[in-house]
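Chemist: Fold the stuff below for me.
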Amino acid sequence: MEAEKRSLKDIRRSTRRLAKAERKAERRPGLGSSVPLSVNLRKNFALYTMVLPGFVILLLFNYLPMYGIIMAFQDFRPMLGFTGSPWAGLRHFERIIGDPLFHRAFMNSVRLGILSLLISFPAPLVFALLLNEIRHAKFKRVVQTISYMPFFLSTVIIIGLLRDMLSYSGGAINIILESIGLSRIDFFMRADLFRGIFIGTGLWQSIGFGSILYLAAIAGVNPELYESARIDGANRLRMAFNITIPGIMPTFVILFILNIGTLLNNDWNTILLMYNPAIFSTADVVGTYVFRSGIEGTTQSYAAAVGLSMSIISVVMLTIANYVARWVGETSLW
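Modeler: Take a look at the predicted model:
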């Protein structure tokens, strides 16, 4: 009897501890919490301190410069500043509509964006699926390390290596072409070859690092599903299509929506290092056009109007892609 009483007391004590822990968890500050902000700050001071540098950088370089949008509605003059420059209204936006150079840059941006979306975007997913099928652990680590390395190289270094490899006079590619009886090719003077070089360079640089998210998503797939599929006689290809891909589809959809939002941005810093007037017909995109107009030229207000227009178009595209994704499936950004 005494042993039973002691066990009942232990059970009641454990129950009270669990209830107390649950009430404490419910009172923990979070989304929708009624805990005052000052209490939350004191309790999570270390966490907020860790977030503070990133918040300051975001504020200084992403939000405060938004004040410069006013340039798009002015005839901006550096000597007069934002407050002293004369007001221009929508004149610069009207100029965009009739500017043939902008039309060319916009269409080049669209073409490069679509090519990147069709080739560069799904490539990390395919690479992650292939890595997932490698059973030799050491070989898998070596492949991953080699594929990640280009991402951590500076764009300037990558383009420098590319120029050396594709150089007309002493590049390795042209030497090989000449050794097999073919004529040399001036790659950086051929407008028709620019898009392939650009897409290939971006693919080589980002495919390994881009696969990290997909590998993490694959690791989160329930392994019991694979065991059940093996018992049912499914091979690796069937398991990849019926288990792995559906399991990482939410990650794929979120990244797809984000890529739609940046479709027109391209990697214009890389393009700026690659292009020259001979290939402007295919290489000049909105980013490089804004750079030439606003930095190299003296039409800062017009360049600001072009940049603002592209930002508005990108937001609209992102919103449409999000609503379509939410309508088709259950995954969306908001």
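Chemist: Just the C-alphas of the helix or strand where residue 58 lies, formatted as PDB.
Modeler: For residue 58, the enclosing helix or strand under DSSP states H and E is helix 45-58. C-alpha atoms of helix 45-58 as PDB (Å, rounded to 0.1, in the frame of the first residue of the first chain):
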ATOM      1  CA  PHE A  45      18.900  40.300 -25.400                       C
ATOM      2  CA  ALA A  46      21.700  38.000 -26.700                       C
ATOM      3  CA  LEU A  47      19.600  36.900 -29.700                       C
ATOM      4  CA  TYR A  48      18.600  40.500 -30.700                       C
ATOM      5  CA  THR A  49      22.200  41.500 -30.400                       C
ATOM      6  CA  MET A  50      23.200  38.900 -32.900                       C
ATOM      7  CA  VAL A  51      20.500  40.100 -35.300                       C
ATOM      8  CA  LEU A  52      21.400  43.800 -34.900                       C
ATOM      9  CA  PRO A  53      24.400  43.900 -37.300                       C
ATOM     10  CA  GLY A  54      22.400  42.400 -40.100                       C
ATOM     11  CA  PHE A  55      19.500  44.700 -39.400                       C
ATOM     12  CA  VAL A  56      21.800  47.800 -39.500                       C
ATOM     13  CA  ILE A  57      23.400  46.700 -42.800                       C
ATOM     14  CA  LEU A  58      19.900  46.000 -44.300                       C
END
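Chemist: which residues sit against that helix?
Modeler: Applying Cβ atoms under 8 Å, 6 or more residues apart in numbering, the external contacts of helix 45-58 come out as residue 41. Every C-beta, even on glycine, is put in place using the N, C-alpha and C of the backbone.
Chemist: Also stretch 81-96?
Modeler: 67-68, 70-77, 102, 301-302, 304-306, 309.
Chemist: ok, then the element right after the helix holding residue 58?
Modeler: Next along from helix 45-58, by DSSP H and E: helix 81-84.
Chemist: any idea how far that following helix is from the chain center?
Modeler: With Cα atoms, centre = their mean, to the nearest Å as the basis, helix 81-84 stands 35 Å off its chain's centre.
Chemist: ok, now stretch 274-290?
Modeler: For stretch 274-290 - counting by Cα atoms, centre = their mean - the centre lies 22 Å from the chain centre.
Chemist: Would you mark the buried spots in it?
Modeler: 274-275, 279-280, 282-290 (16 or more other Cβ atoms under 10 Å).
Chemist: now swap in stretch 123-132 and tell me
Modeler: Under 16+ other Cβ under 10 Å, the buried positions of stretch 123-132 are 123-125, 127-129, 131-132.
Chemist: In these, find the pair that's most separated.
Modeler: 123 and 132 (14.9 Å; Cβ to Cβ).
Chemist: Output the contacting helices and strands for the strand or helix carrying residue 313.
Modeler: Element membership for residue 313, per DSSP H and E: helix 300-328. In this structure, helix 300-328 makes packing contacts with helix 91-97, helix 245-261, helix 286-291, judged by 3 or more Cβ pairs under 8 Å, 6 or more residues apart in numbering; DSSP states H and E.
Chemist: Dump the ones you listed into TSV; add distance to residue 222 as well.
Modeler: Output for the helices and strands packed on helix 300-328, formatted as TSV (distance: least, Cβ to Cβ, whole Å):
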stretch	distance to residue 222
helix 91-97	51
helix 245-261	8
helix 286-291	43
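Chemist: most packed of these?
Modeler: The highest average neighbour count among these, using mean count of other Cβ atoms under 10 Å, belongs to helix 286-291 at a mean of 22.
Chemist: contacts for that one?
Modeler: Contacts of helix 286-291 (Cβ under 8 Å, 6+ apart): 101-102, 105-106, 109, 264-266, 268-269, 271-272, 275, 303, 306-307, 310.
Chemist: Let me know the average pLDDT across that helix.
Modeler: Averaging pLDDT along helix 286-291 yields 89.
Chemist: And it, how far out from the chain middle?
Modeler: Mean C-alpha position of helix 286-291 versus that of the full chain (Cα atoms, centre = their mean) differs by 20 Å.
Chemist: Over to stretch 241-260?
Modeler: Centroid separation for stretch 241-260 versus its chain: 14 Å, with Cα atoms, centre = their mean.
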